[in-house]
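Engineer: Give me a model of this one.
(one chain, ligands or ions: 2)
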Amino acid sequence: MSMHATPPNDERPVILTGDRTTGPLHLGHYVGSLRNRVALQHSHRQYLLLADAQALTDNAHDPAKVRSNVMEVALDYLAAGIDPNATTICVQSALPALAELTMLYLNFVTVARLERNPTIKDEIQARSFGRDIPAGFLCYPAAQAADITAFRATVVPVGEDQAPMIEQTNEIVRRINRQVGRGLLVEARALIPAMGRLPGLDGRAKMSKSQGNTISLSATDAEITDAVLRMYTDPDHIRTSDPGRVEGNVVFTYLDAFDSDREAVADFKARYIRGGLGDMTVKRRLATVLCEIIGPIRERRMTLERDRGYVLEILRSGTSHARDVTTATHTEVRDALGLFSF
Ligand code: ATP
Ligand code: MG
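Structural biologist: Ligands and ions are numbered 1, 2, ... in the order given. As a prediction, the model looks like this:
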């Protein structure tokens, strides 16, 4: 059986998710989505999209960055434990059916609705577009609806910031289903973990490539330790004996997200609040925990980097399989809408 042949009676739910190819993956991706993808890849039929076309919507000035990161993100996937025999990894810009579906879906959403999307609003702010919003950027929620529905996905493992995208996808699905008078497309649900939005090292709301406040999944032990030591804590916790605050203290937020020893974390919190536990001690523990998570990922990545031909082959065969799946959906949608065909 070839790597991507799906048994005809495969009833596993379908996952579609992905990442913009704008830079190496970081701890935010790991807690928000990647950890779930690795855990679910055998119980689900999973597709991962290297979203280079979407990355271009705010990086048209730097297509070389978008192109080179296709390989980098693929390496991060495999290093983090994505199994190419269980998961199909594919390249968005090489799937024309996604672009064609996007063109159709844009007729089922209004400009006002796109402008009201809270994530789009935040991102427009963060990118200081002012009035000069690239049209592709404003419209990318419709492209995301095309991505999700083209694979007939029902589960989308994402960070909290993506919830409005899934909501908007489902609105488009309902409008099209109403138009064609049957359940042509399926609705999807966002699978958001308890830590749905990992804050940045600087304490800002979200660790994000475009904010430069990240620890990447290929960071060295020295880089990890350095980043943790520079992390923002409780500014009023000056002497070790002072009582400290745990809420809004990024070091503790990270311990919650990454330290599997819940009891030790609870004990640290109690001692910090009471006074008598220094920031350095907490930071040293966090650095150790993060080095233990990132270390094996970095090592696997270094091995894979030496065999880019193997990774390219995975992308080629994954994209070829994805082309069949997405083309079939596009054909169904255009037929259901009753477009002229020869
Ligand atoms: P960019 O700044 O280029 O938008 P990004 O760092 O926001 O990059 P994306 O490629 O937009 O990363 O996001 C990919 C996936 O990772 C999405 O599901 C998103 O919700 C999730 N994700 C990204 N950053 C975080 C974070 N800090 N916490 C939780 N999930 C995150
Ligand atoms: Mg983003």
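Engineer: where in the stretch 51-200 of the chain is pLDDT low?
Structural biologist: For the stretch 51-200 of the chain, no stretch is flagged by pLDDT under 70.
Engineer: buried set for the helix ranked longest in the chain?
Structural biologist: With secondary structure taken from DSSP state H, the chain has its longest helix at helix 308-336. For helix 308-336, burial by neighbour count (16 or more other C-beta atoms under 10 Å) applies to 311, 314-315, 317-319, 321-323, 325-327, 329-330, 333-334, 336. For the C-beta atoms, the positions are set from N, CA and C on the backbone; glycine is no exception.
Engineer: and if you look at stretch 155-166?
Structural biologist: 155-166.
Engineer: Which ones among those residues lie within helices?
Structural biologist: Using DSSP H, 163-166 are the members of those that sit in helices.
Engineer: Please list which of these also come close to ligand 1.
Structural biologist: Among these, proximity to ligand 1 is found for none (C-beta under 6 Å from any ligand atom).
Engineer: What helices and strands are in contact with the one helix or strand Thr88 maps to?
Structural biologist: Taking DSSP states H and E as the criterion, Thr88 maps to strand 87-91. Contact analysis of strand 87-91 by 3 or more C-beta pairs under 8 Å, 6 or more residues apart in numbering; DSSP states H and E lists strand 45-51, helix 63-80, helix 308-336 as its packing neighbours.
Engineer: Point out the residues in the protein that sit beside ligand 1.
Structural biologist: With C-beta under 6 Å from any ligand atom as the criterion, the chain comes near ligand 1 at residues 19-20, 22, 28-29, 31-33, 158-159, 161-162, 197-198, 206-210.
Engineer: rerun that using 5 Å as the cut-off
Structural biologist: 19-20, 22, 28-29, 32-33, 158-159, 161-162, 197-198, 206-210 (C-beta under 5 Å from any ligand atom).
Engineer: Take these and keep only those in strands.
Structural biologist: Using DSSP state E, the subset of those located in strands is 19-20.
Engineer: Just the buried residues of the residues of the chain next to ligand 1.
Structural biologist: The buried subset of those (16+ other C-beta under 10 Å) comprises 19-20, 22, 28-29, 32-33, 158-159, 161-162, 197-198, 206-209.
Engineer: Now do the SS call for the residue of the chain positioned farthest from its centre.
Structural biologist: Most distant residue from the mean C-alpha position of the chain: Ser241, 40.4 Å away (C-alpha atoms, centre = their mean). The three-state assignment at Ser241 reads coil, by DSSP: H, G, I helix; E, B strand; the rest coil.
Engineer: so what's it closest to, chain neighbours aside?
Structural biologist: Gly275 (5.2 Å; C-beta to C-beta, 6 or more residues apart in numbering).
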